[in-house]
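**Q** Only the shape, not the letters, is given here:
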């Protein structure tokens, strides 16, 4: 088997499955993630009485996630106080300062902090995205 086919099977083989197999797989993964998520601080904040079914999680807005605001403010503080090293790639810089702010996210996600992305956002303000380690690329 050639290298390209191995990569396809590892990362994209899901798309070779029938639609019903894809749905079944996605539902299984959602339930696995939900079981982890139920034990986070975010779950306790959004569902103080507890939650047993994914469908019972309330619809939310950004205001329901104050930790995002706090983390974004911490990153802004670090951006203004921790200089970028000469020749340091932006990815590496944000990885480095993100790790400094990461402890405040402990317990809020299903896994440890993975990486932080700053986007151009909308309405003249930037947006922050942070993802757990299980999604880290590179």
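**A** Sure, I can see it. Keep in mind that this is a model prediction, so the values were computed, not measured. Residues are numbered from 1 along each chain as shown.

**Q** where do the helices sit along the protein?
**A** 3-11, 19-37, 41-46, 66-81, 90-101 (DSSP state H).

**Q** Quick one: closest of the ones you listed to residue 107.
**A** Closest of these to residue 107 is helix 41-46, at 4.5 Å (criterion: C-beta to C-beta). (Each C-beta comes from the backbone N, C-alpha and C, glycine too.)

**Q** In the closest one, which residues are buried?
**A** If you call a residue buried by 16 or more other C-beta atoms under 10 Å, then helix 41-46 has these buried ones: 42, 43.

**Q** who touches it?
**A** Contacts of helix 41-46 with the rest of the structure, by C-beta atoms under 8 Å, 6 or more residues apart in numbering, involve 37, 51, 57, 58, 60, 64, 65, 67, 107, 108, 109.

**Q** ok so, going back, need the helices of the chain in JSON lines (columns: distance to residue 118).
**A** Formatted as JSON lines, those follow (distance: least, C-beta to C-beta, whole Å):
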{"stretch": "helix 3-11", "distance to residue 118": "26"}
{"stretch": "helix 19-37", "distance to residue 118": "25"}
{"stretch": "helix 41-46", "distance to residue 118": "21"}
{"stretch": "helix 66-81", "distance to residue 118": "7"}
{"stretch": "helix 90-101", "distance to residue 118": "7"}
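
**Q** Relative to residue 115, which of the ones you listed is closest?
**A** Proximity of the helices of the chain to residue 115 was assessed by C-beta to C-beta; the nearest stretch is helix 90-101, lying at 6.2 Å.
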